[in-house]
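S.K.: Got a predicted structure plus its sequence, pasted below:
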Amino acid sequence: QVQLVESGGGLVQAGGSLRLSCAASGRIFRSYAVGWFRQAPGKEREFVARINWTGGSIYYVDSVKGRFTISRDNAKNTVYLQMNSLKAEDTAVYYCAASRIVALSERQYDYWGQGTQVTVSS
């Protein structure tokens, strides 16, 4: 069993930065891939980024490439999402999720956090 708790969301002006954290319980967390997803009002949840067990394999959706960076610290059981050059369209609830396989589809993620709100004002 893996429990995930996101933090770091908030209100920021366009062009600003935020760093989201996804803290996990359980030693087995380091054997899970972790993904970040987001859901904007009135829209379906979408994939943002994912990182494999070691941090050696990373993938981003095109809309955040060059602006967002995903990383993990297995010693701290934490995955981060550094978000720079934020835009109004990045406004959403951001979720982290854990999967035993490296995946892009939310259906392949077994555990989810409760989400953290990110609001970017233009």
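M.R.: It's in. Numbers count the residues shown, from 1 in each chain.

S.K.: okay, CA-based contacts and neighbour counts for the rest of this
M.R.: Fine.

S.K.: The residue most central in space within the chain: helix or strand, and which one exactly?
M.R.: The chain has W36 as the residue nearest its centroid, 2.6 Å off, counting by CA atoms, centre = their mean. Element membership for W36 (DSSP states H and E) is strand 33-39.

S.K.: Then P41?
M.R.: Applying DSSP H and E, one finds P41 in no helix or strand.

S.K.: contacting residues for it?
M.R.: A92 (CA atoms under 8 Å, 6 or more residues apart in numbering).

S.K.: Next one, pLDDT for it please.
M.R.: Here, the pLDDT recorded for P41 equals 93.

S.K.: list the buried ones in stretch 94-109?
M.R.: 94-100, 102-104, 106, 109 (16 or more other CA atoms under 10 Å).

S.K.: and it, what's its mean pLDDT?
M.R.: The average pLDDT within stretch 94-109 is 92.

S.K.: measure it end to end?
M.R.: Stretch 94-109 has an end-to-end distance of 15 Å (criterion: CA to CA, to the nearest Å).

S.K.: What lies in contact with it?
M.R.: Identification of contacts with stretch 94-109 by CA under 8 Å, 6+ apart yields 2, 4, 6, 22, 31-39, 47, 50-52, 110-118.

S.K.: For V34, see how far away G55 is.
M.R.: 10 Å.

S.K.: before we move on, what about V64?
M.R.: 17 Å.

S.K.: Who has more neighbours out of the two?
M.R.: It is V34, of V64 and V34, that has more neighbours when counted by other CA atoms under 10 Å, with 34 against 17.
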